[in-house]
Each structure stands twice: as structure tokens, then as C-alpha cells.
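Student: need a 3D model of the following:
(one chain, ligands or ions: 1)
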Amino acid sequence: MLIYPHHTGEPTDYPTRKDFFVSKAGTEKGSGLFTRRAFRKGELMARFTGEVLDKVRLHTLQISPTQHLHDPHFVGYLLHSCEPNVALDMKTLTMWAVKEIAPGEALTMDYTSTEDVLYRQFPCLCEAKDCRKWITGRLEPMNQEGCVYLHTLNRPTANAKIYAHA
Ligand SMILES: [Zn+2]
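Tutor: As a prediction, the model looks like this:
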């Protein structure tokens, strides 16, 4: 059964529930897109689709500075990782495996790879070796919340001292 409700009928390379599922509460990070099957590095995983909007919203991915694909069924649920296992080609609307992927894995992309400006900036807990800790779009400055967050992260000793005196 296809994941997109408006695409039923003849076989396509749109994603099916046999291969993928969206969990709305399955991870500590919230909703996420998961695979039921393995993919090889470099493999085409699925084609995706959606409605083209002129603004960034929750579950949109940027096609161009003025076009944002709203897909609340599939790629809109990809979680962020600074070391992702999936990459999106926003010209051909295709999703590719950039690592070996095992059944049951959460699928992740780097939001900065597609977005100039995020719907909202957020702290990253992906645990990648080069995790950027605070995620922004590729063309926007870090907001004040991000500056404060990183400042706090980078001063563990100072915090420990405050704690010791408390
Ligand atoms: Zn990260």
C-alpha cells in the first residue's frame, strides 16, 4: 500500500508501507520516518511528492528560494542528523541512501543541505563526531537562543563550579 493517500492504483516508485513507516511517537526526538528494509549505500530509495508552497512550513523541504515542497506523509518526517543516512535530490524529488541502512533504522537527512532558512532552529543531539550542536538554515545567522545554548555547552567547567557552590 502506498504511503501517499492521493496516489493509489498502478505501481509506481513512490514509497509503500511495506518498505517505510512514520512513527509519530517512536523516538525521543518525536516523529520520524523509518525503513522496514535494508538499503545499500548509493541506492535510490524512493521518489517523493507533495504540494508546492511559497513559504517554509513544518514538513516542507526547499526546492528553490521561492518554492517549498509540503510533504506531510513521507520526507516531511525525516529527522535531522549532522551525519545523515539519506540525501534528497530536490530537482528530481528522489531520496538516496548515503550509507548502508538496516531494517528498522530511523532515516535522517541534513536539514542544512536543502534549507536556506529553517522553520525553526533547534539544538542537535545526533551524537555525530562533527555534530554542529545547533542547527540553522544555510543562509541564516544563529538566533539568540542558539548563541546562549552553545555558550552554555562550551562552559561545562564554569557550570560545574556554580553547581559545586550551590
Ligand atoms: Zn548533530
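
Student: looking at this structure, which strand is longest?
Tutor: Within the chain, and with DSSP state E defining each element, the longest strand by residue count is strand 20-27.

Student: mind giving me the packing neighbours of it?
Tutor: Helices and strands touching strand 20-27, as assessed by 3 or more Cβ pairs under 8 Å, 6 or more residues apart in numbering; DSSP states H and E, comprise strand 30-35. C-beta coordinates here come from the backbone N, C-alpha and C atoms, glycine included.

Student: just the pLDDT for V52.
Tutor: V52 is assigned a predicted lDDT (pLDDT) of 97.

Student: any idea how many residues pack against T16?
Tutor: Neighbours of T16 under the rule other Cβ atoms under 10 Å: 15.

Student: oh sorry, the question was meant for D19
Tutor: By the measure other Cβ under 10 Å, the count of residues near D19 is 14.

Student: what secondary structure does the closest residue to H59 other than its chain neighbours sit in?
Tutor: Distances taken as Cβ to Cβ, 6 or more residues apart in numbering place G76 nearest to H59, at 3.0 Å, with adjacent residues excluded. Recorded secondary structure, G76: helix (DSSP: H, G, I helix; E, B strand; the rest coil).

Student: contacting residues for G76?
Tutor: With contacts defined as Cβ atoms under 8 Å, 6 or more residues apart in numbering, G76 is in contact with 50, 58-61, 70.

Student: again with L107
Tutor: 20, 32-35, 78-79, 85-86, 101.

Student: coming back round to it: identify the farthest-apart pair in the contacts of G76.
Tutor: Taking Cβ to Cβ as the measure, the contacts of G76 reach their widest spread between G50 and L58, a distance of 12.6 Å.

Student: the more surrounded of the two?
Tutor: Shown here are G50 and L58; by other Cβ under 10 Å, G50 has more neighbours (20 against 9).

Student: distance of that one from M1?
Tutor: 18 Å (Cβ to Cβ, to the nearest Å).

Student: same check, this time on E51
Tutor: Applying Cβ to Cβ, the value for E51 to M1 is 21 Å.

Student: who's more crowded, those two?
Tutor: E51 (11 against 7).

Student: got the phi and psi for the more buried one?
Tutor: When read as degrees, to the nearest 10, the backbone of E51 gives phi -100, psi 130.

Student: now swap in D130 and tell me
Tutor: Listed backbone geometry of D130 is phi -110, psi 40, with angles given as degrees, to the nearest 10.

Student: you'd agree it is up against S81?
Tutor: No. Distance between D130 and S81: 10.9 Å, which falls outside the contact criterion (Cβ atoms under 8 Å).
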